[in-house]
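Visitor: Have a look; sequence and predicted model below, questions after that.
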Amino acid sequence: MGLLQLAATVLALGSSVQAAPAHEIAPRQASVKYCDPVSTICYSEWISPERIAFRTAIPENATATADFDVLVQLQAPKSVGWAGIAWGGTMVNNPLTVAWANAATVVVSSRRATARTYPQPWTGATYTVLGGTVANSTHWTVNFLAKGVSNLGTSRLNPSSTAASIAYAQSNQGPSSPSDPASRFGIHNTRGKFSHNLALGKISNFRAAVAQLASEA
């Protein structure tokens, strides 16, 4: 094989690799296993009708009798101004996680509502934004460690559940002060509830996965 033919072959192979389709972000009615091609961390994934991907990983030894941390990857189209998660399946008296793009990065906000009113900042759950978090011209992605979201007050999330009730909401309009986690934001455009397979996201290397993403932040 001559040098010119070899070069042409290499270019052709390179083009075919670049043209390979990415993971399809299409709405799902059920959770599936998803492994991030960059970090290789595996999650339980559910995708909303608005193409918001909600992915969770939890410690393999997590139990329903104690609080446990959750590693979350949230990915949304650029058109999504904010996306929120209600960990107990309803907005009221449950940990609420709200995220939105801010320039080239993403902000995560802890909220809680004691009635069907505007959710206020809440210190009962904490979030650490990790590496791999980015906002670009097509979508935004945030990786974060959530502490306190498995405790629902009168009950806890069951890490062995294959159908945990979780609610979500999203708005096309972003918050008024996107750099501030305590910023006000408008009412959702759409909302819904889904059954999430938490057990599917159990991983034996949970601590190592968090440390890996933290080192890239």
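Guide: Here it is on my side, so go on.
Visitor: Could you check how far the residue most central in space within the chain is from residue 146?
Guide: Relative to the mean C-alpha position of the chain, the nearest C-alpha, by Cα atoms, centre = their mean, is the one of residue 74, at 2.2 Å. According to Cβ to Cβ, to the nearest Å, residue 74 and residue 146 sit 10 Å apart. All C-beta atoms are positioned from the backbone trio N, CA, C, and that covers glycine.
Visitor: related to what we said a few turns ago, pull the contacting residues for the residue nearest to the centre of the chain.
Guide: Each residue near residue 74 by Cβ atoms under 8 Å, 6 or more residues apart in numbering is listed here: 52-55, 83, 85, 99, 106, 141-142, 144.
Visitor: Repeat the analysis, applying 7 Å as the threshold.
Guide: By Cβ atoms under 7 Å, 6 or more residues apart in numbering, the residues touching residue 74 are 54, 83, 99, 142.
Visitor: just checking, the first one touches residue 46?
Guide: I take that to be residue 54. Yes: in this structure, residue 54 is within contact of residue 46 by Cβ atoms under 7 Å, at 5.1 Å.
Visitor: related to what we said a few turns ago, out of the contacts of residue 74, which is nearest to residue 92?
Guide: Set against residue 92, the nearest of the contacts of residue 74 by Cβ to Cβ is residue 83 (18.8 Å).
Visitor: Pretty sure residue 83 is one of the things residue 139 touches, is it not?
Guide: No: counting by Cβ under 7 Å, residue 139 stays clear of residue 83, with 11.3 Å between them.
Visitor: who has more neighbours, these two?
Guide: Neighbours per residue (other Cβ atoms under 10 Å) separate residue 139 from residue 83, with residue 83 holding more: 27 against 18.
Visitor: That one touches residue 75, doesn't it?
Guide: No: the criterion here is Cβ under 7 Å, and residue 83 misses it with residue 75 at 9.3 Å.
Visitor: three-state assignment of the residue nearest to the centre of the chain?
Guide: Here residue 74 is recorded as strand under DSSP: H, G, I helix; E, B strand; the rest coil.
Visitor: Now do it, the pLDDT please.
Guide: What the model reports as pLDDT for residue 74 is 98.
Visitor: Quick check: it vs residue 100, distance?
Guide: 10 Å.
Visitor: cool, and residue 190?
Guide: Distance, residue 190 to residue 100, by Cβ to Cβ: 15 Å.
Visitor: for the nearest residue to residue 84 once chain neighbours are set aside, helix, strand, or coil?
Guide: Spatial nearest neighbour of residue 84, excluding adjacent residues (Cβ to Cβ, 6 or more residues apart in numbering): residue 98 at 4.3 Å. Classification of residue 98 by three-state DSSP places it in strand.
Visitor: Give the burial count for residue 98, as a bare number.
Guide: 23.
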